[in-house]
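Q: Sequence below, structure please.
(one chain, ligands or ions: 2)
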Amino acid sequence: MNTLTLEYIKSILPPRPDNSHKMTFGHVLNIAGSLHYRGAAYLSSLSALRVGAGYVTLASSPSVCDSVSALTPNIVTFALRTLSPLSVHSLQRTANLHLKDAQIVDVQTLSPQAVLQLRDKLTQASAISIGSGLSIGQSTDQCIDITAINTELTVDVDVTLCTEMSAEISTDLNSDLNSDLNSDLRSELPICNVIKDNQPHSNELIPPQGNHGFFYALLNEIQTCTKPVIFDADALNFISHLLNPPVPFGTTTVTLPNKSIITPHPKELARLLNMDVATLQTQRMHFARLAAKQLNTIVVLKGKNTVITDGNDVFINPTGNSALAKAGTGDVLTGMISGFCAQGVSPINAACLGVYLHGLAGNIAAEDLSQYGMLASDLLSYIPKAILKVLAI
Ligand SMILES: NC(=O)C1=CN([C@@H]2O[C@H](COP(=O)(O)OP(=O)(O)OC[C@H]3O[C@@H](n4cnc5c(N)ncnc54)[C@H](O)[C@@H]3O)[C@@H](O)[C@H]2O)[C@@H](O)CC1
Ligand SMILES: Nc1ncnc2c1ncn2[C@@H]1O[C@H](COP(=O)(O)OP(=O)(O)O)[C@@H](O)[C@H]1O
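A: Ligands and ions are numbered 1, 2, ... in the order given. Predicted coordinates for the structure are as follows:
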């Protein structure tokens, strides 16, 4: 077990060659944000630039991209395809939702086909972060088996709808069905087996809630990715769904890319390990190492004295204070780690750099703003001050 020090952090900071350009310092593809969590997309993108990444592309729904662009000129955005109103309408009708229920459908839900749009970006990126504010719905206890997508039923539903709807819309649908994405059209509709009252209701249609379908397609797409991939927040909750589905469905194997980092807070790690938070907190190092081994990943178990481990080596972070116990600081951390990964730092060192400097920025910020008054967005402007402090020794 090693406690991180200023000297060690200085020794692993990536170099800044004079003869350089933005791509020298890497490109982060940040897949983040949703209708109610636009701030997470903003915070996780800007913090990657604050630690020195040369370029950040935020991939998200069109409305999140618009919001982030309005707040900062520093982030390049890439709008992802969302579920078409047609699909949403289809699901509403088929699920016999009453009008009052229609408001629960988020038309900004990402389509699984958005993963096809992302292929070039995934190739161009030097590091990929997934999950900050990328909603998967109401709660991880919602019992949905996304692995049980019913192909035929899905297409039937749309064709039926097509015959019933106006000529204009049915032309759209037909062109969709005949498009290159034809074979994947079914995947746009998150038709799942649903559990109610502990009983599976086979092939029941549910309205799209959150980005389950998109996550599932994305996880498949990046399984063999050789670049660093950082999984945060709802990406972790989605993986928990796959690892620990409701009893009747049995477990699913999850293969993370070979250079992955996960950044759970204790509750997120407890969900991944299917255990209670209190027990986990009594042996943080042990359970962080266990998860690292089980998932073949680097684990950053957040909280006071964050634990960083690859399953063998363990690093403990001494920086940080209660100013960091405020919504959005975890999103900042994810961006910092991905920003270091993009600069070519090894995943374990990127995790150590991100965690230590995040805490140090929180300490310097608290001196100016108090532990009460600091905001996650304030933390962004203290990251450079933390880096200066490291460089000064
Ligand atoms: N401005 C924004 O857009 C923000 C978006 N966020 C996003 O919101 C989504 C949901 O994140 P939440 O963390 O709110 O939801 P979670 O459901 O993951 O966590 C909330 C629950 O976990 C417990 N918990 C959290 N930290 C804990 C700890 N250290 N020890 C023990 N229990 C702990 C809480 O008590 C609560 O019951 C994520 O996608 C996240 O990225 C949040 O980061 C907040 C800010
Ligand atoms: N009391 C504390 N002392 C030190 N660090 C803390 C403390 N409380 C929270 N943090 C840090 O703040 C961040 C909170 O992340 P997280 O729980 O994911 O919040 P959010 O999802 O709201 O962004 C983590 O990096 C965590 O280690």
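
Q: and Phe78, how far is that from Arg289?
A: According to CB to CB, to the nearest Å, Phe78 and Arg289 sit 36 Å apart. The way it works is simple: take the backbone N, C-alpha and C, and place the C-beta from them, glycine included.

Q: Neighbour count for the two, which is higher?
A: Between Phe78 and Arg289, counted using other CB atoms under 10 Å, the more crowded position is Arg289 (20 against 17).

Q: mind checking which helix or strand that one is in?
A: helix 284-295 (DSSP states H and E).

Q: elements contacting that helix?
A: In terms of contacts (3 or more CB pairs under 8 Å, 6 or more residues apart in numbering; DSSP states H and E), helix 284-295 is packed against strand 260-262, helix 266-273, strand 298-301, strand 307-309, strand 314-316.

Q: so which of these comes closest to Gly26?
A: Between Gly26 and the helices and strands packed on helix 284-295, the shortest separation by CB to CB is 15.1 Å, and it involves strand 260-262.

Q: That closest one close to ligand 2?
A: No. On the criterion CB under 6 Å from any ligand atom, strand 260-262 is out of touch with ligand 2, staying 11.6 Å away.

Q: least trustworthy helix or strand in the protein by mean pLDDT?
A: Within the chain, no helix or strand scores below helix 151-164, which has a mean of 27 by mean pLDDT, DSSP states H and E.

Q: Would you mark the buried spots in stretch 355-373?
A: 355-366, 371 (16 or more other CB atoms under 10 Å).

Q: Could I get the full set of strands for the protein?
A: Using DSSP state E, the strands found in the chain span residues 2-3, 27-31, 55-60, 76-79, 127-130, 144-145, 193-196, 199-201, 229-231, 260-262, 298-301, 307-309, 314-316.

Q: so which of the ones you listed comes closest to ligand 1?
A: strand 298-301 (9.3 Å; CB to the nearest ligand atom).

Q: who does the closest one pair up with?
A: Using DSSP bridges, strand 298-301 pairs in its sheet with strand 260-262 (parallel), strand 307-309 (antiparallel).

Q: Against Val229, how distant is Ala350?
A: 12 Å.

Q: Report the separation between the spatially most central residue of the chain and Leu324.
A: Nearest residue to the geometric centre of the chain (CA atoms, centre = their mean): Gly131, 0.8 Å. Distance, Gly131 to Leu324, using CB to CB: 19 Å.

Q: Tell me which residues of stretch 292-311 come out buried.
A: Quick answer for stretch 292-311 (16+ other CB under 10 Å): 292, 295, 297-303, 306-311.
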